[in-house]
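Peer 1: here's a sequence, model it:
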Amino acid sequence: CLPHGVAPGQRSKGDNMLTNFLDHKLGKKYNTFDLLVLFLIIAMTIMLRLWFIDLQFPDYTICLKPWVEQFRSYGGFAGLKYNIGNYTPAYMHLLMLISYFDVEPLYVIKGVGICLDYVLAIVAAKLIAPEDSKYKQVLLFSAVLLLPTVISNSGVWGQCDNIYTIFILTALYIAMKEKTLTLHFGGKKVKEAAASFVIRTDTLVLFCIGCAFSFKLQTVFILPVLAVIFLWNNYRLRTLLWIPGVYCITLIPSLIAGRPLKELLLLYVSQAGTHAELQLKYPNIYSFWQFDALADRFGQFCIVFCAASLVLFVYYFYHKKMELTREFLCCFTAFSVLYITFFLPHMHDRYAYIAEIVMLFYLFRPRKLWRPVVAQLLALATYGETLFWFSYDGMEQPAALVRLFLLLVLGIDLLQQTKGVQMKQDLL
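Peer 2: Presented below is the predicted three-dimensional model:
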């Protein structure tokens, strides 16, 4: 039954208003069914997260909650003067703001994380799914929100890995654009614009990387990808200053509160010695190392080996210069993160988070869909002991072997792309 005055095949006035808004904001032609699917997915994924909203885990009870309570005891902003917590200043500023809410910190922390999941899904859809396919973008958006690791990270665990991942994926998306972007203000069309602002993409890319680094040191896992982007696109050398520059900007509130500058600048250095274990519930090469006496020396050897091999990877891709496609960026990002976390010591169970998301570019290649599925199963196996109370004992070495196999397969995919082999013709 159609509304009065609406002919078959026409949209109603309200429908037109909503779709026109989405057309303007997202640049896509969404029909009523697309909007219905998006609405249902958003509603149901919120419900999934709310089921776990009251669960508390050691990261919250031992760290996050006491830190928020310390900020409250100092009156909020004044607490930035003191050495509360060992997270980055940017995240500690967020906890300081949360301390002003007269509610259980758990709900605000998880609420922020859940909201950012939807920002992450939008950015991931823009990066990974083809821009000319609205239904693939809807599918990708939905897939990110339904990933077990994404739900577990923010909605169950109360962690914040989606923050730095949003900035990294935004940087990768911008890197595919032309050298300059023109922003128009004051009108929908260029001729109507009251003002235009031209900004170079290298500035935006490095700014986003600086924001990611300000929240998580794990941003360094994509340095090989950043190096290839930098060399292929001929970015200006001075734009690298955005990385330490943005980090220094995030220190300003703590500096105003009175915290020593040296203490803030050396925060990542102090974090490096927090854990003595070679690996923390993350299956990698150290799952096979049983000799405690030589553990430190073996870890140092692996760090140098990893760094040297990554230099060679960057050198190889520099001489294989080709179009910077979303397939290459996603595959190289996944490979880089898994490769580094496989060889570096002191890796945590959450450190492959960004790889598990960008591997969704296999979603539209059915023969290769097993790659992100295996990545999710590996993650859930390591999450399980913390979140789901089942033992990880005896699974460590088999999981490490599976991760190594997955890493080799991604390496093959990456090399085939540089040789111009179509993804549908891949061996595995």
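
Peer 1: can you tell me the element residue 199 falls in?
Peer 2: strand 195-200 (DSSP states H and E).

Peer 1: what does residue 139 give?
Peer 2: Assigned by DSSP H and E, residue 139 belongs to helix 134-146.

Peer 1: show me the strands in the stretch 301-428 of the chain, by range?
Peer 2: Assignment of strands within the stretch 301-428 of the chain using DSSP state E, counting those that start in this stretch yields the ranges 347-348.

Peer 1: still on that earlier bit, by contact count, what packs against the helix holding residue 139?
Peer 2: On a contact count with 3 or more Cβ pairs under 8 Å, 6 or more residues apart in numbering; DSSP states H and E, helix 134-146 meets helix 32-50, helix 105-128. (Glycine included, C-beta is placed from N, CA and C.)

Peer 1: pLDDT (mean, whole number) over the following helix or strand past the strand holding residue 199?
Peer 2: The helix or strand immediately downstream of strand 195-200 is helix 201-215, counting by DSSP H and E. Confidence for helix 201-215, expressed as mean pLDDT, is 95.

Peer 1: shaky segments in the protein?
Peer 2: Along the chain, the parts satisfying pLDDT under 70 run over 1-30, 181-196, 271-277, 290-293, 389-393, 420-428.

Peer 1: any idea which of the helices and strands packed on helix 134-146 is most buried?
Peer 2: Among the helices and strands packed on helix 134-146, helix 105-128 has the highest mean neighbour count (mean count of other Cβ atoms under 10 Å), at a mean of 20.

Peer 1: and the angle for that one with helix 134-146?
Peer 2: Between helix 105-128 and helix 134-146, the angle comes out at 150 degrees (axes from the mean of the first three to the mean of the last three Cα atoms, to 10 degrees).

Peer 1: now for helix 105-128, which elements pack on it?
Peer 2: Judged by 3+ Cβ pairs under 8 Å, 6+ apart, the packing partners of helix 105-128 are helix 32-50, helix 65-73, helix 89-98, helix 134-146, helix 161-175, helix 326-343, helix 353-358.

Peer 1: which other residues reach the third one?
Peer 2: For helix 89-98, the external contacting residues (Cβ atoms under 8 Å, 6 or more residues apart in numbering) are 64, 67-68, 71, 76-77, 79-80, 84-85, 87, 105, 108-109, 112, 160, 163, 214-215, 250-251, 253-254, 264, 267.

Peer 1: show me which of those are buried.
Peer 2: Using 16 or more other Cβ atoms under 10 Å as the burial test, these include 64, 67-68, 71, 77, 79-80, 84-85, 87, 105, 108-109, 112, 160, 163, 214-215, 250-251, 253-254, 264, 267 as buried.

Peer 1: and residue 213, what is it in contact with?
Peer 2: Shown in contact with residue 213 (Cβ under 8 Å, 6+ apart): 164, 219, 220, 243, 246, 247.

Peer 1: if we can go back for a sec, how about residues contacting the helix holding residue 139?
Peer 2: Here helix 134-146 makes contact (Cβ under 8 Å, 6+ apart) with 28-30, 34, 37-38, 41-42, 45, 48, 117-118, 120-122, 124-126, 128-131, 150-151, 357, 360, 363-364.

Peer 1: tell me how far the ends of stretch 254-262 are from each other?
Peer 2: 12 Å (Cα to Cα, to the nearest Å).
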